[in-house]
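Visitor: Got a predicted model here, sequence first, then my questions.
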Amino acid sequence: MTRVMPRRLAVLAGIGLALLLVPLVGLLVRVPWTGLGGDIAGSGDAVRVSAVVSVLATAVAVGLGIPLAWLLARGSFRGQSLLRATVLLPIVLPAVVSGVALLASLGRTGPIGGLLDDLFGITLPFTTAGAVIAASFVALPFVTLVAEAGFRGVSRDLEEVAATLGAGPWRRFRRIALPQAVPALAAGVVLGWARALGEFGATVTFAGNLSGRTQTLPLAIFFELERDPEAAFSLSLILVAVSLLVLTAARRTWSR
Amino acid sequence: MLTCRASASRGAFRLQVELEASPEEIVAIVGPNGAGKSSLLRILAGLDPLDDGRFVVDGDVWEDTASAIRRSPEDRSVGYVPQAGLLFPHLSVRDNVAFGAEHPEQAAEWLDRLGLSALSDARPSELSGGQTQLVALARAQVRRPAVLLLDEPLASVDAANRAAIRRILRRELRDSPGYRILVTHDPLEAAALADRVVVLDGGRVTQTGTVDDLRTHPRSSYVAELVGMNFFSGEAVGGTITLASGAPLVSASVPDGAALATVHPRAVSLYLERPTGSPRNVWMATIASIEPSLEQVRIHVTGPIDLVAEVTRAGAAAFSEGDEVWVAVKATEVTGYPR
């Protein structure tokens, strides 16, 4: 067998790996293992809020991202590339800008937020619902992007055959395209969920840092860092562990 | 009746076809690659639109550009068996067949009928080319379509199974009510499966007739090649056809005027010495190539008239490429007919 790795690439790859691993090792070293249980118990609210917000945000992002992805993958209309750019925008936007934009539109003085307040008495900023919207906003592009790639991989020929067998557009989507895109959709769900779980900037800007309502784990970690750094390390460890667990489980499912 | 006047363009390619079919016949659309065979089938299935034309099945207008009528594929009663089957890879054989069925039991009936019951739970990836084709046929037939369309049904079947699959196809096509149209590039397949052949070349119908018509009276060198005949075109006067090259070819049966003629390759004799006896057409030529096939050997000769002779393997042993030979064809073997 021939050697595939040129030495200079191997060295750079090693440095890259170190950049990723060293902080994690540092975190493991600093975690106060004896007080771990107490730190986590003390942050039960943040864990609960994070779980609720990330799961709901993923559900929203999947529910809206799959139709958007289908539109982008199969549609052919004017402004399609503009639509794609719009969908992808939150990926490159600084999260705090996303939060400011949400505040400007859905805040109580914003055009839509004001209307919601006047007509239904609904306020989104500084509520759990607001945190879900912020997390959905940043997770949606990931779900859409990955799902679109998945839908593009589904052969149109099969949808055509389904049409000759009497299947209308909905049935072709439901029975042919969707099942075949499942691996990509699963990847999209995991990525979207991970993004929602880690969301910080948009949440703190739009939903604030209200313990038990909008304070998710990342927010709790950030604010604990000043008060009680050891607690911040403990909570960070939870996020690392959960993320690793989900990624591994997802990998196992895809590669099957 | 099924009548379709179709005109459609795909880039530089233009399809311009009039097609008729009756429920009493099986029609094969035959033509070289790129002739527009599959395009025509896709138009009939409703997968591609007509630019101009009208498609009527049993009095129902399925498409009419003049009155802007166009039924989508799901609203046409078609059974479409695409090239290579295209089964749904994520569904079992049973679910593939049941996809278009009104009642799930119909799938089992059709699988049974085509001898596929044992494969009901198999995935499409586990099937051979022939099994795939039969499942695709069952999937299309389960709806009892008014129009059954098959695109190169045997192209992805390996040679060893082709005869068996062709027999089943033949039986199924015979037993199906409604219009049956298949596309193929293989004259053998057309002869085995179809009653009438429509020859498509360059997006146009160049000839239509039974396989026998095509064999005895080809109207183009493509069709002659297809049925394995030597083919000539010229002007006939008093039984002698003057070809474009100026060479004469004597036929025992040709009316005066613009004429076409065929000679079966087995009716062409080759000699190393000038033949004695009665053949009316005798000339000297050079052997351009010798091409063995299973039983016979095809020898291409060039000279005043280029043609192919088919001789036995034993007979071919006397010749080699580049040899000067005498070619003889009896006038009774030259079948002439008006152009």
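Guide: Ah, there it is. Values in this document were obtained by computation on a predicted structure and should not be read as measured data.
Visitor: What is the burial count for whichever residue of the stretch 151-256 of chain A sits closest to chain B?
Guide: Proximity of the stretch 151-256 of chain A to chain B (C-beta to the nearest C-beta) peaks at A:Leu165, 3.2 Å away. The way it works is simple: take the backbone N, C-alpha and C, and place the C-beta from them, glycine included. By other C-beta atoms under 10 Å in any protein chain shown, 26 other residues sit near A:Leu165.
Visitor: what residues are up against it?
Guide: The neighbourhood of A:Leu165, defined by C-beta atoms under 8 Å, 6 or more residues apart in numbering or on different chains, consists of B:Glu74, B:Phe99, B:Gly100, B:Arg139, B:Ala140, B:Arg143.
Visitor: which phi and psi does B:Arg274 have?
Guide: Here is the backbone geometry of B:Arg274 (degrees, to the nearest 10): phi -60, psi 120.
Visitor: Next up, the contacts around the closest residue to it other than its chain neighbours.
Guide: Spatial nearest neighbour of B:Arg274, chain neighbours left out: B:Trp326 (5.4 Å); criterion: C-beta to C-beta, 6 or more residues apart in numbering or on different chains. Applying C-beta under 8 Å, 6+ apart to B:Trp326 gives the contacts B:Leu270, B:Tyr271, B:Leu272, B:Glu273, B:Arg274, B:Pro275, B:Val282, B:Trp283, B:Met284, B:Ala285.
Visitor: Compute the distance between the fourth one and chain A, please.
Guide: With the distance defined as C-beta to the nearest C-beta, to the nearest Å, B:Glu273 ends up 60 Å from chain A.
Visitor: which residue does chain B bring closest to chain A?
Guide: B:Gly100 (3.2 Å).
Visitor: how would you label that residue: helix, strand or coil?
Guide: coil (DSSP: H, G, I helix; E, B strand; the rest coil).
Visitor: Nearest spatial neighbour of it, chain-adjacent residues omitted?
Guide: B:Gly100 sits nearest to A:Leu165 (C-beta to C-beta, 6+ apart), 3.2 Å away.
Visitor: Got the confidence number for that neighbour?
Guide: pLDDT recorded at A:Leu165 is 95.
Visitor: what's the answer for A:Met5, then?
Guide: So A:Met5 comes in at 84 (pLDDT).
Visitor: who's in contact with it?
Guide: Counted by C-beta under 8 Å, 6+ apart, A:Met5 has contacts A:Ala13.
Visitor: Make sure B:Val199 is indeed in a strand.
Guide: Yes - assessed with three-state DSSP, B:Val199 lies in a strand.
Visitor: pLDDT value on it, please?
Guide: Value for B:Val199, per-residue pLDDT: 93.
Visitor: tell me which element the residue nearest to A:Phe200 when sequence neighbours are not counted is part of?
Guide: Distance criterion C-beta to C-beta, 6+ apart; nearest residue to A:Phe200, sequence neighbours excluded, is A:Pro218 at 4.3 Å. Taking DSSP states H and E as the criterion, A:Pro218 maps to helix A:217-227.
Visitor: what does the average pLDDT come to for that helix?
Guide: 91.
Visitor: same thing with stretch B:332-339?
Guide: 90.
Visitor: what does it contact?
Guide: Residues from elsewhere that reach stretch B:332-339, judged by C-beta under 8 Å, 6+ apart: B:216-217, B:233, B:236, B:241, B:249-255, B:257-264, B:267, B:281.
Visitor: Send over the helix or strand where B:Thr132 lies as CSV, restricted to the C-alpha atoms.
Guide: Assigned by DSSP H and E, B:Thr132 falls within helix B:129-141. Extracted C-alpha coordinates of helix B:129-141, given in CSV (Å, rounded to 0.1, in the frame of the first residue of the first chain):
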residue,chain,number,x,y,z
GLY,B,129,-32.6,-7.5,-13.9
GLY,B,130,-35.4,-9.8,-15.2
GLN,B,131,-37.2,-10.0,-11.8
THR,B,132,-37.0,-6.2,-11.6
GLN,B,133,-38.6,-5.9,-15.0
LEU,B,134,-41.4,-8.2,-14.1
VAL,B,135,-42.1,-6.4,-10.8
ALA,B,136,-42.2,-3.1,-12.7
LEU,B,137,-44.6,-4.7,-15.1
ALA,B,138,-46.8,-6.0,-12.2
ARG,B,139,-46.7,-2.5,-10.6
ALA,B,140,-48.0,-0.9,-13.8
GLN,B,141,-50.5,-3.7,-14.6
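Visitor: Which strands and helices lie in contact with it?
Guide: Counting contacts by 3 or more C-beta pairs under 8 Å, 6 or more residues apart in numbering or on different chains; DSSP states H and E, helix B:129-141 is packed against strand B:78-81, helix B:93-98, helix B:105-113, strand B:147-151, helix B:159-175.
Visitor: I'd like those as a markdown table, with distance to A:Arg108 appended.
Guide: A markdown table is the format used below for the helices and strands packed on helix B:129-141 (distance: least, C-beta to C-beta, whole Å):
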| stretch | distance to A:Arg108 |
| --- | --- |
| strand B:78-81 | 58 |
| helix B:93-98 | 53 |
| helix B:105-113 | 59 |
| strand B:147-151 | 62 |
| helix B:159-175 | 70 |
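Visitor: Next, format those as CSV and append distance to chain A and mean neighbour count.
Guide: Putting those into CSV (distance: least, C-beta to the nearest C-beta, whole Å; neighbours: other C-beta atoms under 10 Å in any protein chain shown) gives the following:
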stretch, distance to chain A, mean neighbour count
strand B:78-81, 4, 27
helix B:93-98, 9, 24
helix B:105-113, 12, 17
strand B:147-151, 8, 24
helix B:159-175, 17, 14
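Visitor: tell me the mean pLDDT over the strand or helix carrying B:His300?
Guide: In the assignment (DSSP H and E), B:His300 maps to strand B:296-302. When pLDDT is averaged along strand B:296-302, the result is 93.
Visitor: Could you tell me which of the contacts of B:Trp326 count as buried?
Guide: Among the contacts of B:Trp326, those scoring as buried are B:Leu270, B:Trp283, B:Ala285 (criterion: 16 or more other C-beta atoms under 10 Å in any protein chain shown).
Visitor: Could you list the contact residues of the stretch 1-150 of chain B toward chain A?
Guide: Neighbours of chain A within the stretch 1-150 of chain B, by C-beta under 8 Å from any C-beta of the partner chain: B:45-47, B:72-74, B:76, B:78-80, B:82, B:86, B:88-90, B:99-100, B:139-140, B:143.
Visitor: hang on, the earlier thing: out of the contacts of stretch B:332-339, which end up buried?
Guide: The buried subset of these - by 16+ other C-beta under 10 Å - is B:217, B:233, B:236, B:241, B:249-251, B:254, B:259-264, B:267, B:281.
Visitor: Can you narrow the residues you listed down to the ones near chain A?
Guide: Among those, not one lies near chain A by C-beta under 8 Å from any C-beta.
Visitor: Show me the residues you listed that map onto strands.
Guide: B:Ser233, B:Ala236, B:Ile241, B:Leu249, B:Val250, B:Ala259, B:Leu260, B:Ala261, B:Thr262, B:Val263, B:Asn281 (DSSP state E).
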